[in-house]
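J.: Structure for the following, please:
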Amino acid sequence: MQTQFLDGIWLMAVGMGTVFGFLLMLVAAMQGAARIIQDSGPEAVLSAPAEEDEAPIAAAIAIARAYSRN
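T.: As a prediction, this is how the structure comes out:
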C-alpha cells in the first residue's frame, strides 16, 4: 500500500513537471515570435483602410441591416 502511494506521488510529480516544462517552452516560443514580429518593422503591419474605402462597407452594412429587419 505504501509503495503504491509513493508511486502515485512520483507519477504525479513527473506529469506535472512535464506539463510545466512544456508550458515554459511555449512561453519562450511566444516571446521569440513576438520579438521576431516586432523586429520586422512597421512595413509588415497592416494599415487601416483609406477613407474612400469606407463608403462601400457602410453601404453593405446598411443593405444587410435592411434585409435582416424583414
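
J.: any idea how far the spatially most central residue of the chain is from G17?
T.: If you average the C-alpha coordinates of the chain and look for the closest C-alpha using C-alpha atoms, centre = their mean, you land on M30, 9.3 Å from that point. Here the distance between M30 and G17 works out to 20 Å (C-beta to C-beta, to the nearest Å). No exception for glycine: its C-beta is placed from N, CA and C like everyone else's.

J.: picking up where we left off before, which secondary structure element is home to the residue nearest to the centre of the chain?
T.: M30 is part of helix 2-39 when elements are defined by DSSP states H and E.

J.: Would you pull up how far that helix lies from the middle of the chain?
T.: 18 Å (C-alpha atoms, centre = their mean, to the nearest Å).

J.: other SSEs contacting it?
T.: Secondary structure elements in contact with helix 2-39, counted by 3 or more C-beta pairs under 8 Å, 6 or more residues apart in numbering; DSSP states H and E, are absent; no helix or strand qualifies.
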